[in-house]
Every structure is written in structure tokens, then in C-alpha cells.
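> Here is my input, please return the structure:
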Amino acid sequence: MPRNTGTAAQSPPENRATVPSVARTADSPRTPRGYRAVFAVREFRAVFAAHLLSLLGVVVSELALTVLVYGLTGSPLLSALTFALGFLPYLVGGTLLAGIADRYPARRVLVTCDLVCAACVAVMVLPGTPVGGLLALRCLVAAVSPVFTGTRMAALTEILGDGDRYVLGRSLLRIVSQSAVLIGFGAGGMLLAVVTPRGAITITAVTFLCSAALLRFGTRARPARAGAGAGGGTLLKESLTGARGLLGNRRIRALMLLFWVPPLFLVAPVALAAPYADEIGVGSAALGLLMCAMPVGQIAAELYVGTALSPRVRSSIVLPAAALQLLPLVLYALRPAVAPAVVVLALAGVGGAYVIGLDKWFVAAVPESLRGRAMTVLTAGMMTLQGVGMALAGLAAEFFPVHHVVAGAGALGVLCLLPLVREARRTAPADHPAETRDEVPPGTREAATTEPRDGATTELRDGARTELRDGATTELRDGARTELRDEADHHMTSG
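The predicted structure follows:
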């Protein structure tokens, strides 16, 4: 957490395991807040820049490889398959390789994943690589992606802590990913106008290498959350055991499904945007509006929720927003023109801002030793179900009008989400302590303990948690927070 420039009276040594008498009443005016507090962490800036570069590499390589395969084969099917292969291997990589995220140090995993992607892309550039080889390499990059994303998400809890800064950091990375939908393919198209597909793919290899360098030299080395072989079995066994354990937990399963189910149905209007534009008789410009409306709505809402709402308010809107997010799609039953359809899609995107609060719930529910696997499985499920949703929407549109398919997806999605919302509420901890508390610095434990500087530990029977360190934080049941500083104060963060 950002360094506090204020001072407080120091408790006498005999009272260090008790509730201090002097409390901090206000943050320093110079203390960064909101998204600024996240960017104040040096390591996060490196992760953010690496995310931009690797995302650019993925988007451009997908587009360039699709164009390259079509140029080599003249087959629309193989060209479309090249793009679709970006979704399918997520399930394999996210389940069979999930244990990597906890078994090895995060920085090593992230750098290795970037280097593997760079190597795959470099082989794609070679003129002698056959089409089958190109598709196999595309699958390998896609299989590595959930491991990379899951490891990075778990590493953010070590860099930013598992409180509000983690939530806002995840939000920033998500906003960048959503923005790629708006500008990524356009930038790739302009790049392909001046260089060949192989030339564009070569550039993406450079972006992966730059991302690896940023992560290697811009982040700290930390030990693995679970040592190699800690699970007493092979990587495959650890991955599958971890996935079973996560999905076997009612709370974690409910939260995962709240992440997974909305995208399954939200992709219907996106996947069917071109057929719908043809159905209502509009051109390519209107198609672009239909494709962009939902990401624009989500980006705008996420920025507002992240900057204007407190952590407690963000937590309170999670379940209502999740339950209602898909409801606007039901209006497609009226076969709206372009302008009303854009409004409907933007409203559906706005509802997606519930994931800011859900991120914090999820981190609080997952044991630290399983966070890497949990984030990897979470990513794999989201991407896989998006691919499934696209396929199902296209299949349904073969038999029913497009606007009925989209409206039906919205209605069915709401019906699926209502029991999930009820389950999430039913499995919530008493008084939702993890969901509603303010930011907790890195390393703070959920256990109700007091850790004085001399290493002694005192447990408070009423459940209060007090941690006394350099820049320590005292949390009381009523939510008050007190920070103690000594003269040699030097509060170290992960950044």
C-alpha cells in the first residue's frame, strides 16, 4: 500500500499486542488513491506494459496468421479454423497445465510462457512451415495462454495485495483487453497493409520478447506458492486435483460460475452481428457499431465503478448486476434498428462491471496455495465457454431468426444466473467480511491474529485482527483501522 506520510503515537512495548489508543483519522493528501495507487507500484507498471505488448502480439498474430493460412490454402474453412483454435486449447492448457502456476515461481513461469510464444511465432515465420504446422503452433500458443494469464492474476495478489489495489489492477488489465477488441484488429489490419503476413508475425515475436524482458527485470523473484512436488504427485495429478478441489468447494464453484455463465450468453449478439446486420438491412458501418457497443459499455462502466465507488459499494452491486446483466438482450425480440440495438448492447456491457467486486470475493475464497491454479482454471473456463457460446449461437441461428436467438440467449442466461446468485449469497461468509473490507496490504492473513515486531503472536477472541509491523495495520470488528509507525518507518510494498 502507498506509504503514509502521517504520524501516530507509538504504543508502549507492553501494549503492542493490544488495541492502540491513537488512530489515523485521514489519509495524507499526497497518498495516491484509486487507479493512481495501482500505477504507483513499480512492479505493476512493468506487468501492465508487458500485458500491452503480449496482447498486441496475440491480436496481430491471430489476424496475420488467419490471412497467411487463407493465402496459402484459399480455404475459408481453414482460415476460420485458425481463428477458432484460439479458444479450444484453453480447456486443455487450463486443466492439464494449471499446476504450473503454483508449482514454480511466478516470474519464471511468466517469462517462460512469453519465450515459448516467441519461439512458436518465430517458427511460423519460416517459409517452409506447412499449414498443419502453423495450426499446431497456434494451438500451442493458445494452450500456454491460460497458464500465463492465471499465473499473472495470482502474482498480482503478491504485487498489489489481495485488497482494493488488486481489484483495480485486475480492472486495468481487463480494460486493456476490452480495448483490444476495439482497436487491436484495426491496428493489425493497418499493419498488414504495409507489411506481409509473415512480416507482421515477425513483429509479434519481438513483442513477446519485450514482454519477457519487462517481466524478468521489472518484477521481483518470489518463491512458488507450492513447492515443486508439494502435492506429492506429477504436474498432471496436481493440476487435476487442484481443479477438482476448486470445483468441489461450493463457494468457489458458485463464484467461478458467476464469471463463466454471462460470457457464454453475451457472445451471441457479437457472434451473430453480421447476420443480424444483414437481417435488418444495414451496411458494414452499422456492423462495426454493433461489434463495438458492448466493449464500450463495459469499459465506461468499469472505469466509473473503479474510480467513483468505494470497495463496499462495489461489493454490494455484484449480485444485482450479475443477475440483470443479460436482461437487456431480451429486447432483441423486438428486432431493434441499429441505434436501439447499440443501446441494448451497451447496457449489457455496463452490467459487466460487477466483476470488479467479484474479483475480490474470488481471491478471498481461494486458499493462497491454490491461487495460481484457480486463476488458470478460471481463465480457461471463460475462454472455452465463449467459444462454446459462439458455436451454439451460430447453430441456433441456422433454425431460428437471429433476433430471436439473441433474445433467447438473454432470457436463458437470466434464468441460469438467478440460482447462481442465490448460491453465492447462501455461501457467503458471515457478514461478508472478506467482501466488504477495505484494502489489506500484501501478506496480511485472514486469520484473526496479532503479530508484534518481536515475532510473538496473540489471538483475539472477539475476532479482531491486529498486525504490528513497520507500517502495521490494526483492524477492528467495526471496520476502524489504525496504523502505527515508529521512527525508523520504512513500509515496504511489493512494488
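> What segments of the stretch 151-300 of the chain are helices?
In order along the chain, the stretch 151-300 of the chain carries the following helices (DSSP state H, counting those that start in this stretch): 164-179, 185-194, 197-218, 235-248, 250-271, 273-279, 284-308.
> Mind exporting the C-alpha coordinates of stretch 374-394 to CSV?
What follows is stretch 374-394 as a C-alpha-only set of coordinates in CSV (Å, rounded to 0.1, in the frame of the first residue of the first chain):
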residue,chain,number,x,y,z
ALA,A,374,-7.7,-21.2,-9.5
MET,A,375,-6.9,-18.2,-11.8
THR,A,376,-5.7,-20.6,-14.6
VAL,A,377,-8.9,-22.7,-14.4
LEU,A,378,-11.0,-19.5,-14.2
THR,A,379,-9.4,-18.1,-17.4
ALA,A,380,-9.6,-21.4,-19.2
GLY,A,381,-13.3,-21.8,-18.4
MET,A,382,-14.2,-18.2,-19.5
MET,A,383,-12.4,-18.5,-22.9
THR,A,384,-13.7,-22.1,-23.6
LEU,A,385,-17.3,-21.1,-22.8
GLN,A,386,-17.1,-18.1,-25.0
GLY,A,387,-16.1,-20.4,-27.9
VAL,A,388,-18.9,-22.8,-27.0
GLY,A,389,-21.4,-19.9,-26.8
MET,A,390,-20.4,-18.7,-30.3
ALA,A,391,-20.8,-22.1,-31.7
LEU,A,392,-24.2,-22.6,-30.1
ALA,A,393,-25.4,-19.2,-31.2
GLY,A,394,-24.4,-19.9,-34.8
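> For the stretch 351-495 of the chain, which residues score under the pLDDT cut-off?
For the stretch 351-495 of the chain, residues meeting the criterion pLDDT under 70 lie at 431-495.
> mind listing the strands for it?
Taking DSSP state E, counting those that start in this stretch as the test, the strands found in the stretch 351-495 of the chain are 449-451, 458-459, 465-467, 472-475, 481-484.
> Remind me what whichever helix in the chain runs longest packs against, helices and strands.
Of all the segments assigned as helix in the chain under DSSP state H, the longest by residue count is helix 42-73. When contacts are defined as 3 or more Cβ pairs under 8 Å, 6 or more residues apart in numbering; DSSP states H and E, helix 42-73 sits against helix 34-39, helix 76-84, helix 106-125, helix 131-160, helix 164-179, helix 185-194, helix 197-218. C-beta here means a position set from N, CA and C on the backbone, and glycine is covered the same way.
> Export these to TSV and append columns for distance to residue 338 and mean pLDDT.
What follows is the helices and strands packed on helix 42-73, written out as TSV (distance: least, Cβ to Cβ, whole Å; pLDDT from 0 to 100):
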stretch	distance to residue 338	mean pLDDT
helix 34-39	33	84
helix 76-84	25	68
helix 106-125	38	90
helix 131-160	33	85
helix 164-179	21	84
helix 185-194	20	69
helix 197-218	32	89
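> could these be laid out in JSON lines, adding distance to residue 380 and mean neighbour count?
Rendered in JSON lines, the data for those read as follows (distance: least, Cβ to Cβ, whole Å; neighbours: other Cβ atoms under 10 Å):
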{"stretch": "helix 34-39", "distance to residue 380": "26", "mean neighbour count": "17"}
{"stretch": "helix 76-84", "distance to residue 380": "16", "mean neighbour count": "15"}
{"stretch": "helix 106-125", "distance to residue 380": "14", "mean neighbour count": "21"}
{"stretch": "helix 131-160", "distance to residue 380": "4", "mean neighbour count": "23"}
{"stretch": "helix 164-179", "distance to residue 380": "15", "mean neighbour count": "21"}
{"stretch": "helix 185-194", "distance to residue 380": "23", "mean neighbour count": "14"}
{"stretch": "helix 197-218", "distance to residue 380": "20", "mean neighbour count": "20"}
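> Roughly how far does residue 336 sit from residue 148?
39 Å (Cβ to Cβ, to the nearest Å).
> ok, and the closest non-adjacent residue to residue 251?
For residue 251, ignoring the flanking residues on the chain, the nearest one in space by Cβ to Cβ, 6 or more residues apart in numbering is residue 427 at 4.2 Å.
> wait, doesn't that neighbour sit right on residue 256?
No: the criterion here is Cβ atoms under 8 Å, and residue 427 misses it with residue 256 at 12.0 Å.
> Same drill for those two, tell me which one is more crowded.
Neighbour tally, residue 427 and residue 256, criterion other Cβ atoms under 10 Å: the higher count belongs to residue 256, 23 against 15.
> With the flanking residues excluded, which residue is spatially nearest to the more buried one?
residue 378 (5.9 Å).
> pretty sure the one you found is touching residue 257, no?
No: Residue 378 is not in contact with residue 257 according to Cβ under 8 Å; the separation is 10.5 Å.
> Who has more neighbours out of those two?
Between residue 378 and residue 257, counted using other Cβ under 10 Å, the more crowded position is residue 378 (24 against 20).
> give the contact list for that one.
Contacts for residue 378 were tallied using Cβ atoms under 8 Å, 6 or more residues apart in numbering; they are 150, 153, 256, 259, 362.
> Residue 178 versus the third one, what's the distance?
Pointing back at residue 256 there. Taking Cβ to Cβ as the criterion, residue 256 is separated from residue 178 by 20 Å.
> What separation is there between the residue lying closest to residue 209 once chain neighbours are set aside and residue 131?
Spatially, and ignoring its direct neighbours in sequence, residue 209 is nearest to residue 118 (5.1 Å; Cβ to Cβ, 6+ apart). From residue 118 over to residue 131 the distance is 21 Å, taken as Cβ to Cβ.
> Give me the neighbour count for the closest residue to residue 239 other than its chain neighbours.
The shortest distance from residue 239 to any residue other than its chain neighbours is 3.8 Å, reached at residue 99 (Cβ to Cβ, 6+ apart). Neighbourhood size, residue 99 [other Cβ under 10 Å]: 29.
> Residue 99 is in contact with residue 246, isn't it?
No: if you go by Cβ under 8 Å, residue 99 and residue 246 don't touch, sitting 11.9 Å apart.
> can you pull the contacts of the nearest residue to residue 291 once chain neighbours are set aside?
Excluding its sequence neighbours, the residue lying closest to residue 291 (Cβ to Cβ, 6+ apart) is residue 273, at 5.3 Å. Listed by Cβ under 8 Å, 6+ apart, the contact partners of residue 273 are 287, 290, 291.
> Distance-wise, check the first one relative to residue 422.
Residue 287 is 38 Å from residue 422, where distance means Cβ to Cβ.
> In terms of neighbours, single out the busier of these two.
When residue 287 and residue 422 are compared on other Cβ under 10 Å, the one with more neighbours turns out to be residue 287, at 16 against 13.
> Is that one in contact with residue 277, as I believe?
Yes: under the criterion of Cβ under 8 Å, residue 287 makes contact with residue 277 at 4.4 Å.
> With residue 219 as the reference, measure out to residue 160.
Where residue 219 is concerned, residue 160 sits at a distance of 12 Å (Cβ to Cβ).
> Buried residues, stretch 273-291. List them.
Along stretch 273-291, these residues count as buried under the neighbour rule (16 or more other Cβ atoms under 10 Å): 273, 276, 277, 282, 286, 287, 289, 290, 291.
> Most widely separated two among those residues?
Across the buried residues of stretch 273-291, the two members that end up farthest from each other (Cβ to Cβ) are 282 and 291, 12.5 Å apart.
> what about stretch 246-254, start to end distance?
Between the start and the finish of stretch 246-254 there is a gap of 10 Å, counting by Cα to Cα, to the nearest Å.
> how far is that stretch from where the chain is centred?
Using Cα atoms, centre = their mean, to the nearest Å, we find the averaged C-alpha position of stretch 246-254 to lie 18 Å away from the chain's own average C-alpha position.
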